[in-house]
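S.K.: Give me a 3D structure for the following:
(chains A and B)
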Number of protein chains: 2
Amino acid sequence: MNSPENICALALDVGGTNIRLAVVDQSGHIIARQQCNTSLSHIHASSDDQAETEILRILTSSIADILASHSHIHVIGVGFPGFFRQETGILVSSPNIPCLLDFPLAERLSDAVSLPVHVQNDATLAALGEFRFGIGRELKNLLHLTLGTGVGGGLILNGIPYLGENGMAVEIGHSCVVPNGRACGCGGSGCLETYASASGIVARYIETGHQDASNAEDVYRKALDGDMVAERILHEAGIYLGQAIAEAVKLLDVHNVSISGGLTGAWSFLSEPIRTSLNEKLIPPLKGKVRLHRSRLGDDTGLLGAAILALENGFRPVYVF
Amino acid sequence: MNSPENICALALDVGGTNIRLAVVDQSGHIIARQQCNTSLSHIHASSDDQAETEILRILTSSIADILASHSHIHVIGVGFPGFFRQETGILVSSPNIPCLLDFPLAERLSDAVSLPVHVQNDATLAALGEFRFGIGRELKNLLHLTLGTGVGGGLILNGIPYLGENGMAVEIGHSCVVPNGRACGCGGSGCLETYASASGIVARYIETGHQDASNAEDVYRKALDGDMVAERILHEAGIYLGQAIAEAVKLLDVHNVSISGGLTGAWSFLSEPIRTSLNEKLIPPLKGKVRLHRSRLGDDTGLLGAAILALENGFRPVYVF
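M.R.: Modelled structure (predicted):
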């Protein structure tokens, strides 16, 4: 029989372009990891039944291998791009799969793999991971942004993830930074995500007539090589990030902001414009008070948050509001 | 000796143009009220010492009369336009009196009038008053806006006022609604307050060449009389309010928003554009979910919040974060 020290969680971070998995122990150490180049964007379901079947198939097949080789996994935590009804694991809705509403994802996945499963919004879990194992270790409150295919946000208040009334809090990727600006998948326009996500940056670069960038890393490399257009697009992403963070800070009055995700690889182009526009847009008593941090955990914030959710929800509930 | 039922608070709401006072019992009933047409704008201090003396003189003189005629006042609560260090009663800073920093307002006023004094941000107290005695009575969470000389905001989460790390939360009056828009007293531009406060509305009306409006009520009356410019300015105030509320809801995910203050007198011009732009700017799963309420308490939200602060802080602390 396993002693409590041997208990591990299997953490999943379901992203826009891939699914990342990790076996995590109770101290937050990643023991093993795996990546599946399959994602929710592969789901082309015409009905909610079909979408449910597809999601469960994708998740269980990505889980199967790692479960077979790690016998000490007792619980699963999943970060998923969608809105959840508090701590129930019921997916209220997901921008990626619009036909899916009120789907008991945690319960169905648990039935399929015969282990306890806890699910929560991916960006909320990234904030929790960063708070416990990264920048937030000595803090009480933290605003966290994830720069990936989209822009996500999570908020920790007094050590507790703030979920909002419908699990939709900190949708900072849909903060409007340019009135009547770029069209967003949410139906709105001028959302931060259309300027400061990996997909937004590539789209903006290609729109200038440059066809030779297939991802944000390409744009970053071009900027490093002195491509002025690539540089300007990254600079503007930073300006808009600073602007959106300033608006959030004027409402939340939290003084530490961290950013994780693949796009932080371009930190040398992003950090200065973020800091400049953030400070410019704050009210006088807040100017100079907000600390901006690049995540120490790279892309692992979401995985670690999913592991915390899994390991702690088995013992005590950590979520309020 | 007074029984607990007889204990009353003296509540003060220190506004941009006047100071309102009320004697409030423990059920939230206003027993007596008074208004002083003096305000912080009368303070022209060249030094912090002089400003401190002036504030105490203004507040104690406004209190003196009412104290003399109401012997059952045991505690004083003050809503003040400034930022306070949590529940200490120390004024960190006030936009109205920039030279004043870290002033122990509650303590000094208490010494001056020989009664316990509790002080907090005016808009936070308005939110608390509305939550306990108005719209919020059956709610858990509430975002509240005050439309007066400026635009203030307060947030109640799980029944508790959210103050932020430096007592500066919900500065929604300084949400940017028009990039590079109207210059604001905060040093920024395009702040909601410059379009949707009483002072902003009058300023915008006068700028059109109409010199015959001295306050927002004049503009409202002209709109009622069919003045298209007055109507447009009120309509736009509503649009910008809806826009700023949408941005706040995308971050906070609270589903009830109330508005109090003198400018709600123009509700017939404001409500429809607020609702329209609010719904337009929300992300799809939030559309139609946010309820907008005109305060049931008129201008008394701040006074009632100040009374709650006074009556409850004497017994148990109500503020966290």
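
S.K.: tell me how far the ends of stretch A:41-57 are from each other?
M.R.: 14 Å (C-alpha to C-alpha, to the nearest Å).

S.K.: Now do the same contact list for the closest residue to chain B within the stretch 201-321 of chain A.
M.R.: Nearest to chain B in the stretch 201-321 of chain A, going by C-beta to the nearest C-beta, is A:Asp253, at a distance of 2.4 Å. In short, each C-beta sits where N, CA and C put it, glycine included. Residues in contact with A:Asp253, defined by C-beta atoms under 8 Å, 6 or more residues apart in numbering or on different chains, are A:Leu286, B:Leu163, B:Gly164, B:Glu165, B:Asn166, B:Gly167, B:Met168, B:Ala169, B:Val170, B:Glu171.

S.K.: Return the per-residue confidence for it.
M.R.: We have a pLDDT of 96 for A:Asp253.

S.K.: Show me where the stretch 101-250 of chain A dips below the pLDDT cut-off.
M.R.: Judged by pLDDT under 70, the stretch 101-250 of chain A has no weakly predicted residues.

S.K.: Output the set of residues of it in proximity to chain B.
M.R.: When proximity is defined by C-beta under 8 Å from any C-beta of the partner chain, the stretch 101-250 of chain A lies next to chain B at A:140-141, A:153, A:157-158, A:163-172, A:174-176, A:178-179, A:186-188, A:243, A:247-248, A:250.

S.K.: Please check the residues you listed and keep the buried ones.
M.R.: For these, a burial check counting by 16 or more other C-beta atoms under 10 Å in any protein chain shown picks out A:141, A:153, A:157, A:163-172, A:174-176, A:178, A:186, A:188, A:243, A:247-248, A:250.

S.K.: Take those and keep only those in strands.
M.R.: Under the assignment DSSP state E, those contribute A:Gly153, A:Leu157 to strands.

S.K.: quick one, helices of the stretch 101-250 of chain A?
M.R.: A:105-113, A:122-133, A:193-196, A:198-207, A:216-224, A:228-252 (DSSP state H, counting those that start in this stretch).

S.K.: Which neighbouring elements make contact with the longest one?
M.R.: It stands for helix A:228-252. Applying 3 or more C-beta pairs under 8 Å, 6 or more residues apart in numbering or on different chains; DSSP states H and E, one finds that helix A:228-252 contacts strand A:142-147, helix A:193-196, helix A:198-207, helix A:216-224, strand A:256-260, helix A:267-281, helix B:228-252.

S.K.: now, the most widely separated pair of the contacts of A:Asp253?
M.R.: Greatest spatial distance among the contacts of A:Asp253 (C-beta to C-beta): A:Leu286 and B:Leu163, at 13.9 Å.

S.K.: circling back: can I get the contacts of A:Asp253 in JSON lines with distance to A:Asp49?
M.R.: Formatted as JSON lines, the contacts of A:Asp253 follow (distance: C-beta to C-beta, whole Å):
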{"residue": "A:Leu286", "distance to A:Asp49": "50"}
{"residue": "B:Leu163", "distance to A:Asp49": "47"}
{"residue": "B:Gly164", "distance to A:Asp49": "45"}
{"residue": "B:Glu165", "distance to A:Asp49": "47"}
{"residue": "B:Asn166", "distance to A:Asp49": "51"}
{"residue": "B:Gly167", "distance to A:Asp49": "51"}
{"residue": "B:Met168", "distance to A:Asp49": "49"}
{"residue": "B:Ala169", "distance to A:Asp49": "44"}
{"residue": "B:Val170", "distance to A:Asp49": "43"}
{"residue": "B:Glu171", "distance to A:Asp49": "47"}
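
S.K.: Among those residues, which one sits closest to B:Arg294?
M.R.: Lowest distance from B:Arg294 to the contacts of A:Asp253 (C-beta to C-beta) belongs to B:Val170, with 18.7 Å.

S.K.: which residues touch A:Gly16?
M.R.: By C-beta under 8 Å, 6+ apart, the contact set of A:Gly16 is A:Ser39, A:Leu40, A:Ser41, A:Pro81, A:Asn96, A:Gly148, A:Thr149, A:Gly150, A:Ser199.

S.K.: quick one on the thing from earlier: tell me which of the helices of the stretch 101-250 of chain A sits nearest to A:Gly262.
M.R.: It's helix A:198-207; of these, that one is closest to A:Gly262 (C-beta to C-beta) at 6.1 Å.

S.K.: Please enumerate residues in contact with the closest one?
M.R.: A:16, A:147-150, A:182, A:193-195, A:213-216, A:218-219, A:222, A:229-230, A:233-234, A:237, A:262-263.

S.K.: Find the centremost residue of chain A, please.
M.R.: A:Ala123 (3.3 Å; C-alpha atoms, centre = their mean).

S.K.: Am I right that it is in contact with A:Val170?
M.R.: Yes. Using C-beta atoms under 8 Å, A:Ala123 is in contact with A:Val170, at 6.9 Å.

S.K.: Overlap in contacts, these two.
M.R.: By C-beta under 8 Å, 6+ apart, A:Ala123 and A:Val170 have these common neighbours: A:Gly152, A:Gly153, A:Gly154.

S.K.: for the contacts of A:Asp253, which one is nearest A:Gly129?
M.R.: For those, the residue nearest A:Gly129 by C-beta to C-beta is B:Glu165; the value is 21.5 Å.

S.K.: which residues sit in contact with the residue nearest to A:Leu297 when sequence neighbours are not counted?
M.R.: Excluding the flanking residues, the one nearest A:Leu297 by C-beta to C-beta, 6 or more residues apart in numbering or on different chains is A:Gly134, at 4.6 Å. Applying C-beta under 8 Å, 6+ apart to A:Gly134 gives the contacts A:Ser258, A:Ser260, A:Ser295, A:Arg296, A:Leu297, A:Thr301.

S.K.: quick one: which of those residues is most hemmed in?
M.R.: Within these, most neighbours by other C-beta atoms under 10 Å in any protein chain shown means A:Thr301, with 33 neighbours.

S.K.: contacting residues for it?
M.R.: Contact analysis of A:Thr301 by C-beta under 8 Å, 6+ apart lists A:Leu125, A:Ala126, A:Ala127, A:Gly129, A:Glu130, A:Gly134, A:His144, A:Thr146, A:Ser260, A:Gly261, A:Ser295.

S.K.: A:Arg275 too?
M.R.: Residues near A:Arg275 by C-beta under 8 Å, 6+ apart: A:Gly242, A:Leu292.

S.K.: Try it again at 10 Å.
M.R.: The contact partners of A:Arg275, by C-beta atoms under 10 Å, 6 or more residues apart in numbering or on different chains, come to A:Gly238, A:Leu241, A:Gly242, A:Ile245, A:Val290, A:Arg291, A:Leu292.

S.K.: ditto for A:Leu128
M.R.: A:Leu128 neighbours (C-beta under 10 Å, 6+ apart): A:79, A:120, A:136, A:142, A:144, A:154, A:156, A:159-161, A:301-302, A:304-309, A:312, A:318-319.

S.K.: which secondary structure element contains the nearest residue to it once chain neighbours are set aside?
M.R.: Computed as C-beta to C-beta, 6+ apart, the closest residue to A:Leu128 that is not its neighbour in sequence is A:Gly305, at 3.9 Å. Here A:Gly305 sits within helix A:301-313, counting by DSSP states H and E.

S.K.: any idea of the angle that helix forms with helix A:105-113?
M.R.: Put simply, helix A:301-313 runs at 80 degrees to helix A:105-113, going by axes from the mean of the first three to the mean of the last three C-alpha atoms, to 10 degrees.

S.K.: between helix A:301-313 and strand A:142-147, how many degrees?
M.R.: Interaxial angle, helix A:301-313 versus strand A:142-147 (the same axes, to 10 degrees): 130 degrees.

S.K.: Show me what counts as buried in helix A:301-313.
M.R.: Neighbour counts over helix A:301-313 (16+ other C-beta under 10 Å) mark A:301-313 as buried.

S.K.: I'd like the average pLDDT over that helix.
M.R.: 94.

S.K.: And the residue of the stretch 101-250 of chain A that's closest to chain B?
M.R.: When scored by C-beta to the nearest C-beta, the stretch 101-250 of chain A has A:Gly164 as its residue closest to chain B, at 2.4 Å.
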